[in-house]
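K.L.:
Next come a sequence and a model predicted from it.
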There are 2 protein chains.
Amino acid sequence: MMTNKAHALRYVDANRQAFLNALKEFASIPSISTDPEHKEDIRRAANWLVSELKRLGFDNAQTVETAGHPVVLAYTEPRLNDAPTVLIYGHYDVQPPDPYEEWENPPFSPWQKGEYLYGRGVSDMKGQVVAALKAVEAITATATLPLNIIWLIEGEEEIGSPNLSQFLEQHRHLLKADVALNLDTGMLAPDQPTITYGLRGVAAFELRVYGPDHDLHSGLFGGVVHNPAQALCELIAGMHDASGKVLVPGFYDHVRPLDDEERQELARLPFKEAELKRNLGVPQLYGEPEFTPIERIGARPTLEINGLYSGYTGQGSKTIIPAWAMAKISTRLVPDQDPEDIHQKLRAYLEANCPPTVRWELIALAGSPASITDRHHPGVRALAQALRNVWGKEPLYRREGGSVPVVGMMQRILGLESALSGFGLPDDHIHSPNERLHLPTWYRGIQAVIEFLMSYPDFAHS
Amino acid sequence: MMTNKAHALRYVDANRQAFLNALKEFASIPSISTDPEHKEDIRRAANWLVSELKRLGFDNAQTVETAGHPVVLAYTEPRLNDAPTVLIYGHYDVQPPDPYEEWENPPFSPWQKGEYLYGRGVSDMKGQVVAALKAVEAITATATLPLNIIWLIEGEEEIGSPNLSQFLEQHRHLLKADVALNLDTGMLAPDQPTITYGLRGVAAFELRVYGPDHDLHSGLFGGVVHNPAQALCELIAGMHDASGKVLVPGFYDHVRPLDDEERQELARLPFKEAELKRNLGVPQLYGEPEFTPIERIGARPTLEINGLYSGYTGQGSKTIIPAWAMAKISTRLVPDQDPEDIHQKLRAYLEANCPPTVRWELIALAGSPASITDRHHPGVRALAQALRNVWGKEPLYRREGGSVPVVGMMQRILGLESALSGFGLPDDHIHSPNERLHLPTWYRGIQAVIEFLMSYPDFAHS
C-alpha cells in the first residue's frame, strides 16, 4: 500500500499546471517593497497569501501590521502537543524591475519559455514560497500534517527587514518552533542540491557630495570650484586598491579568518572560472588575489557601488558643474563584522578624506550582520535527507554571498536555527532583468519540502 | 534739434513694456536644442524670429535648413554699397531646464520679480537677441539704418554648433561683412561694461564603462567582478591631482602661456573671493594654485564631470552590481589646444589606465577651439565707444571661460572678426535653474546696440 508521502508526491504530479498557475498569479503582483508607489501592491500580495493559507486550513491566517509593510502570519491551531514545530519563513516582496527596458516582456506578466518561467520574483522568492505552500497543500489534501507549522512571510526582505526584529520580539510567544525552514538561498546546479550554512550580512548607504548651491556653467566657473561629481569619484576611488582590497581603514578588523579545514571544504565546491566569465559577460574576474573566488563570495566582505547619479544624464552634452552627486553603496559583511561599526568606519574614512572644497552626507540604509548555522542541527540533517531522497545525491554545504537578515534575527531573538536551502539557480538573474525559475528543479523542490515535513518529526525526536 | 540717435533712444523709453512682452513671448518657447523631443519648439522659435525680422522690413528673412536645426537668415536688400556691413550673430536655442524641480516657476513661463525677468534663456541668449532686434526697430522706426545688417541666428549653439561651419562655407558669398556683433558674452557687473576678447573652446564626451552584461546580485557576485561604477570613478579620479591640475598626459601641451603684460591686465579685473564663494555657496575655491581664479577661468583649460549615471538611483537601496556606468565629461580649452587632439589624449589615457576587468567606450560630442579677437579692430573700438557713451565708463577687456564656437568659425571660414559683449551678469544663473535677466541693464544694452550701429560707419571708414 502507498505511504502518505507517496500519496502527497502523486498529488504534486497531478497538479503541476495548477501549481504553476498559482505562481504566475502571485508573481504578477508588483510587490516592490522599496518603492512607496507600490504600497497597495504590497498589500495585494499579502492578502493573496492569506487567502491561500486559509484554503489550506489555516483559519487564523492574517496580515499583521508593522511600522512598514505587513507580515503574513498563520499557524497550526489547535497545536499538536506531541509534535515538533517548523516555522516556514518567506518574503513576498520583490526587487524593483529597473532597468525596465532590458526585460524581454513586462516583468510582472510572467511568461514561460522552454523549461523556465520568467518574471520579477519568480525565483527570489515567490517561487520558493509557492513551493512551500503547495507542498503543504499536497500533504493536507492526501493525509494529515505530522507536525505544527508556523508561517511567517514578510514584505520587507528586499529592503533589509527593517521592522522584522521588532515583530519577532512582540510575537515571541507565538513563534516558538524547533527549526525554521528558509528557502531563500539557492542551489549550485540543477543536479546539485545545496544547503547554505553561512550568509553574509549587509550594510547599505547613500553618499551625497554637495558643491555649489546650484548647477553652474562650466565655462564661467570651471577652474574655481571643486566639481562634486569629480569629488565623489575621488572618494569612491579611494575605497579600493587596484586588486579589489577595501581600503576603508578597519574594514577587515573583525573578519573571522577562514580555518584550513573550511578552506579545504570550500575548495571542493564546483567552480568553473571560464563558465562564470561567460555567464556574466566579463572579460576578467576581479577581487582579493589571496582568496579564491568562492572564498571571496562566501567568506570575505565586499564594498559595492550600486548606483551613481549627478547632473545631466540625458542626450548630448550639458556643460555644467553639477550642484551635487550621489552614490548608492552597499557592503557585504561576514562574521563577526557589525553593520553599525562599518557605518562608523565609512564615516571616519569620509571625514579623513573629503576635501574642504565640498560637503558630504552619509545616509545609513539597511543593515544586518552575517550568520552561520549549526550544521548538526536536526533540522539541517532532516533537510539534507530530504534533498538526498529527491535528487539521489549528497547535498553540498556552502557559505553564500547573499544576505538573509532574518536568519541572524531568529538566532538572536528566538534562539531559533534555520535550515537553509532553495530551488533557485545561479543563472536565474535574480535582482536583474529577465529573472527566471527553472521549473523541473522547482517541482523537485516541492517534493523535497514534502520529504522534509513528513520526516522531520523523526529527526526532532531522535 | 534732436539727432537720429536721440530719436531712437527716446523710442526705447516709449516702448519698454512692449519690448519686454516680446522677450517674454520668445522665452516661452522651449527651444531646447539637445533634446529631440523639442524639435518642433525649435522650429517655432525660428519662425518667431522670421516674423519679427519681416516686421522690421527684412523681407528676405527665412529659415535655412541644415543637417540639424535651421539657421535664421536675413539681410539688408538692396545693399547700401557705400556703407559697411555688420553681421549680427545670435542663437535662439536654450539649455535644458533640468533639474526641473529646482525652478521657482515653470522655466518656460517667464516671470518678473523686482528688477529681474526669470526663465530659461532670458539671459542666454534670447534677451540679447531681442535687445538687438529692438535696437534695430528703434532705429528703423525713427530714422534709417546707416549700414547693412546681416542677421545670422542659429539653433544649435548650446550643443556646440555642429552644423554651423558647413552653413558658413555654403553661404560665404551672402555673409560678407566688416564685423560680427556677438552679444553672447556677459558683463562683470551692472555698472561695468565689458568687452570679451578671449573665449575658451570646448570638447565634450560621454564615457561609458561596461562590466557584466546584466545587473548582478551584489551578494552572489560581489567579490569576483569589477564593479563598473567603481571602475568609472577610479578612471575619473585619475584625471586630476588634489590641487585640480589635469593629469591626462599631454593635456596642457599646446596651452599658450600667459605673458606678464596680460597677467597684469587680468589682475586689474575686479574679483572678490569671499563674494564669489557666497554667491556659489561653496566652502572653498579650487583649482591650479599657481594661477589666480580669473586666470584659471579665462586662460587655463579645465576638465569637468557634467553628469554621472549608473545602476539604481531611486529611493532606498538596491544591492546590485550595475552592468554599466556613464559619465558626461567636458573640457574647456584655451589657445592653442585642439579639440580632436584632446579627444585623442583622453582616449590614450583610458587605453593606458582602464583595467582589463571592464570595457570602455568614449563618445565624442561637441568640440570647438578657443578664440582671441583683435582688440584694435574698428568694430571692437566702436563697441567700446558705444558702451562708454551709455555707461559713462571705460569698458573692461577680459577673457571669458565660456565657449562661443562661432567666433572661431567666422575667423577661419569668413575671415571675420567678432566684437563680443552682452548684457547678462555673472549671477544670472545661466545653464542653471531660475535663470534671470537684470532688466535695467538690458534696457541700457538696447541703447548700447543703437549707439554701436549708428556710429560704426565712422570707425569703419576711419
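P.N.:
That came through, no problem.
K.L.:
going forward, measure contacts between C-alpha atoms and count neighbours the same way
P.N.:
Fine.
K.L.:
Residue A:38 in helix, strand or coil?
P.N.:
Classification of residue A:38 by DSSP: H, G, I helix; E, B strand; the rest coil places it in helix.
K.L.:
who's in contact with it?
P.N.:
Contacts for residue A:38 (CA atoms under 8 Å, 6 or more residues apart in numbering or on different chains) come out as A:30, A:31, A:32.
K.L.:
got the phi/psi numbers for the closest residue to residue A:407 other than its chain neighbours?
P.N.:
The shortest distance from residue A:407 to any non-neighbouring residue, by CA to CA, 6 or more residues apart in numbering or on different chains, is to residue A:418 (6.3 Å). Backbone torsions for residue A:418, taken as degrees, to the nearest 10, come to phi -110, psi 140.
K.L.:
Compute the distance between whichever residue of the stretch 1-150 of chain A sits closest to chain B and residue B:314, please.
P.N.:
Nearest residue of the stretch 1-150 of chain A to chain B: residue A:34, at 6.0 Å (CA to the nearest CA). Per CA to CA, to the nearest Å, residue A:34 is found 9 Å from residue B:314.
K.L.:
Among those two, which residue is more densely surrounded?
P.N.:
residue A:34 (22 against 14; other CA atoms under 10 Å in any protein chain shown).
K.L.:
So that one, which state does it fall into?
P.N.:
On the three-state scheme (three-state DSSP), residue A:34 is labelled coil.
K.L.:
List the contacts of it.
P.N.:
In this structure, residue A:34 makes contact with A:95, A:96, A:158, A:159, B:315, B:316, B:317, judged by CA under 8 Å, 6+ apart.
K.L.:
That one and residue A:375: what is the separation?
P.N.:
33 Å.
K.L.:
continuing past the helix or strand hosting residue A:379, what's the next helix or strand?
P.N.:
Residue A:379 is part of helix A:378-391, with elements assigned from DSSP states H and E. Downstream of helix A:378-391, the first helix or strand assigned by DSSP H and E is strand A:396-400.
K.L.:
neighbouring strands for that following strand, and are they parallel or not?
P.N.:
The strands beside strand A:396-400 in its sheet (DSSP bridges) come out as strand A:194-199 (parallel).
K.L.:
how far off helix A:378-391 does the strand it pairs with point, in degrees?
P.N.:
If you take axes from the mean of the first three to the mean of the last three CA atoms, to 10 degrees, strand A:194-199 sits at 150 degrees to helix A:378-391.
K.L.:
If you count contacts, what does the next helix or strand after strand A:194-199 end up packed against?
P.N.:
Downstream of strand A:194-199, the next assigned helix or strand under DSSP H and E is strand A:201-210. Strand A:201-210 makes packing contacts with helix A:228-237, strand A:324-333, helix A:339-353, strand A:359-368 when contacts are defined by 3 or more CA pairs under 8 Å, 6 or more residues apart in numbering or on different chains; DSSP states H and E.
K.L.:
Averaged pLDDT, the third one. What do you get?
P.N.:
Here the mean pLDDT over helix A:339-353 is 97, rounded to a whole number.
K.L.:
got it, and stretch A:68-75?
P.N.:
Mean pLDDT, computed over stretch A:68-75, is 97.
K.L.:
got the contact list for it?
P.N.:
Here stretch A:68-75 makes contact (CA under 8 Å, 6+ apart) with A:33, A:39, A:42-43, A:46, A:49-50, A:53, A:58-65, A:148-156, A:162-163.
K.L.:
and the helix or strand where residue A:278 lies, does that touch chain B?
P.N.:
Assigned by DSSP H and E, residue A:278 belongs to helix A:273-280. Yes - judged by CA under 8 Å from any CA of the partner chain, helix A:273-280 comes into contact with chain B through residue A:280.
K.L.:
Buried residues in the next helix or strand after that helix, which are they?
P.N.:
Counting by DSSP H and E, the next helix or strand C-terminal to helix A:273-280 is helix A:293-298. Neighbour counts using 16 or more other CA atoms under 10 Å in any protein chain shown place A:293, A:294, A:295, A:296, A:297, A:298 of helix A:293-298 among the buried residues.
K.L.:
what does stretch A:313-329 give?
P.N.:
Residues of stretch A:313-329 classed as buried by neighbour count (16+ other CA under 10 Å): A:313, A:316-329.
K.L.:
ok, of those residues, which one's closest to residue A:448?
P.N.:
residue A:329 (37.3 Å; CA to CA).
K.L.:
Nearest spatial neighbour of that closest one, chain-adjacent residues omitted?
P.N.:
residue A:305 (4.6 Å).
K.L.:
The helix or strand hosting that neighbour pairs with which strands, parallel or anti?
P.N.:
Element membership of residue A:305 [criterion: DSSP H and E] is strand A:302-311. Next to strand A:302-311 in the sheet, as set by DSSP bridges, lie strand A:324-333 (antiparallel), strand B:302-311 (antiparallel).
K.L.:
For residue A:301, the count of nearby residues, please.
P.N.:
27.
K.L.:
What's the nearest residue in the stretch 51-200 of chain A when you look at chain B?
P.N.:
Using CA to the nearest CA, the closest approach of the stretch 51-200 of chain A to chain B is made by residue A:159 at 6.7 Å.
K.L.:
excluding its backbone neighbours, what's nearest that residue?
P.N.:
The nearest residue in space to residue A:159 (CA to CA, 6+ apart) is residue A:34, at 6.1 Å.
K.L.:
for stretch A:451-461, what is the average pLDDT?
P.N.:
Averaging pLDDT along stretch A:451-461 gives 93.
K.L.:
now what about that stretch, what contacts it?
P.N.:
A:5, A:83-84, A:145-147, A:178, A:378-379, A:381-383, A:385-386, A:389.
K.L.:
Are any of these buried, and if so which?
P.N.:
By 16+ other CA under 10 Å, the contacts of stretch A:451-461 give A:5, A:83-84, A:145-147, A:178, A:378-379, A:381-383, A:385-386 as buried.
K.L.:
Can I get the residues you listed in TSV including distance to chain B and pLDDT?
P.N.:
As requested, the buried ones among the contacts of stretch A:451-461 are arranged in TSV below (distance: CA to the nearest CA, whole Å; pLDDT from 0 to 100):
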residue	distance to chain B	pLDDT
A:5	34	89
A:83	37	96
A:84	33	97
A:145	35	94
A:146	36	95
A:147	34	97
A:178	28	96
A:378	27	96
A:379	25	96
A:381	25	96
A:382	26	97
A:383	22	97
A:385	26	97
A:386	25	97
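K.L.:
farthest-separated two in those?
P.N.:
The distance between the two most remote of these (CA to CA) is 21.6 Å, for A:5 and A:178.
K.L.:
between the lengthiest helix in chain A and helix A:378-391, how big is the angle?
P.N.:
Counting residues, the longest helix found in chain A (DSSP state H) is helix A:439-461. Comparing the axes of helix A:439-461 and helix A:378-391 via the same axes, to 10 degrees yields an angle of 140 degrees.
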